[in-house]
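model this:
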Amino acid sequence: MAQTIFSVVVSHEAEVQNNYLFTDKEKALAKVEEIKSSWEKIENVEIHKYKEVEDRPTCFGTQYKTKIGYWYENESMGYNNLEEYGSVDLIECVLE
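Numbers count the residues shown, from 1 in each chain. Below is the predicted model of the structure:
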């Protein structure tokens with residue numbers, strides 16, 4: 001029997017930092033919002049909600065161009081004054 005799993009993937013720059021797994025979509029969405037709220041405490045951060053179709057490359061390939069999540073950028077906090085960025089993505093998959 002197939003089971004739907006909702007994966008909340010948190011990345012910082014090019015690395016996945018955390019991956020939370022849920023069987024309940026509402027709990028997964030709450031985790032996405034919790035992570036987004038934690039970013040709001042960072043000075044000079046800009047948070048962006050994913051659009052349904054976005055030109056920016058995605059971490060998980062073109063099949064996830066329509067996805068739920070946010071990404072952030074912070075120009076003043078990066079290494080040697082380079083931009084710092086990260087994302088939180090909700091990915092739905094079916095385990096068989």
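
can I get the longest strand along the chain as PDB, trimmed to CA atoms?
Assignment by DSSP state E gives strand 84-95 as the longest strand of the chain. Taking C-alpha atoms only, strand 84-95 is exported to PDB below (Å, rounded to 0.1, in the frame of the first residue of the first chain):
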ATOM      1  CA  GLU A  84      23.800  34.600   1.900                       C
ATOM      2  CA  TYR A  85      20.700  32.600   0.900                       C
ATOM      3  CA  GLY A  86      18.700  29.600   1.800                       C
ATOM      4  CA  SER A  87      15.300  27.900   1.200                       C
ATOM      5  CA  VAL A  88      12.600  25.800   2.800                       C
ATOM      6  CA  ASP A  89      10.700  23.500   0.400                       C
ATOM      7  CA  LEU A  90       7.700  21.200   0.900                       C
ATOM      8  CA  ILE A  91       8.000  18.200  -1.300                       C
ATOM      9  CA  GLU A  92       5.300  15.500  -1.600                       C
ATOM     10  CA  CYS A  93       6.300  12.000  -2.500                       C
ATOM     11  CA  VAL A  94       4.600   8.600  -2.500                       C
ATOM     12  CA  LEU A  95       6.300   5.600  -0.900                       C
END
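
what pairs with that strand, parallel or antiparallel?
As defined by DSSP bridges, the strand partners of strand 84-95 come to strand 3-12 (antiparallel), strand 68-74 (antiparallel).

what's in contact with the first one?
Right, the one you point to is strand 3-12. 16-25, 27-28, 31-32, 35, 59-60, 84-95 (C-beta atoms under 8 Å, 6 or more residues apart in numbering). For every residue, glycine as well, the C-beta is placed using N, CA and C.
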